[in-house]
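A.B. asks: Sequence and predicted model, in that order:
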Amino acid sequence: MRMRILIYAIVLLAIIPVFNGCSSLRKMGDLPDVTIAINIRSSDNDLNFINLHLYKLKLIDILDDFQSVHFDLVESDENPELLLDITIPHFNVWPKEERVTRRAFARNIVVGQDQNGRPVYQTVRASADVVQLQIRANATFETRMRQKGNTKIYEKSFPSNFRWGSVYLENIRGDMRAIDPFVATTPPFEPEDFDLLLALSKDEMVTRLSREIRTYFR
């Protein structure tokens, strides 16, 4: 009898998360749809090579988080419930900075045991070039947002700075075991202009806009 009760309890505990997951999905699907149009203007030629439609979709994905509504992207002439104008007077990506220094590495590793079962250590050594990369970018976002039927207009300018950095090793000589296994030994994927623009947007602008939107749709 006790074994049967225990089995029922285990089955019940396994089923509860499934129902909770279904409930969460149901709540997400019940969010009302709100149409939003995003107009982006800029005279900066660097933005001509960026997929601005994809950029708008990424912005909406971020703005959707923690909202009581779900946004649908439409054109501004479709009478959207929320209109967001973003003017980017400048978007600047500085030339990549690269610094290379030669460094020696040494680690004590276990190579065996002595006759008493105690670990035997050996010092292994290596040298490598430490490559430090840095890419800096900055932009200004001038925003103007208004809700349909609301006379209040939200306007704010956001100067933003972003710095991407990475470190990796190359030209390694000696015993590889001297190198920390968590240290990168291959060049990283460097961010594209699109990634930098999105990172700049997240710096402050998206957070403040999201906070303002929550006051519209409570």
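C.D. replies: Okay, I see it.
A.B. asks: beta partners of F91?
C.D. replies: Under DSSP bridges, the beta-bridge partners of F91 are A139.
A.B. asks: In this structure, where is pLDDT below threshold?
C.D. replies: In the predicted model of the chain, residues 1-29 satisfy pLDDT under 70.
A.B. asks: could you pull out the helices for it?
C.D. replies: All helices of the chain, identified by DSSP state H, fall at 2-29, 52-64, 193-203, 205-216.
A.B. asks: Tell me who's in contact with I88.
C.D. replies: Counting by C-beta atoms under 8 Å, 6 or more residues apart in numbering, I88 touches 40-42, 44, 47, 139-142. To be clear about C-beta, it is placed using only N, CA and C from the backbone, and glycine gets the same treatment.
A.B. asks: Can you tell me which of these are buried?
C.D. replies: 40, 42, 47, 139-142 (16 or more other C-beta atoms under 10 Å).
A.B. asks: can you put the residues you listed in TSV and add distance to A184?
C.D. replies: Converted to TSV, the buried ones among the contacts of I88 look like this (distance: C-beta to C-beta, whole Å):
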residue	distance to A184
I40	35
S42	35
L47	31
A139	28
T140	33
F141	32
E142	38
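A.B. asks: In strands, which of the residues you listed appear?
C.D. replies: Counting by DSSP state E, those place 40, 139-142 in strands.
A.B. asks: any residues touching stretch 42-62, and which ones?
C.D. replies: Contacts of stretch 42-62 (C-beta under 8 Å, 6+ apart): 36, 38, 40, 71, 73, 87-93, 193-194, 197-198, 201-202, 206, 210.
A.B. asks: Among these, name the buried ones.
C.D. replies: Looks like the contacts of stretch 42-62 have 36, 38, 40, 71, 88, 91, 93, 194, 197-198, 201, 206 buried, using 16+ other C-beta under 10 Å.
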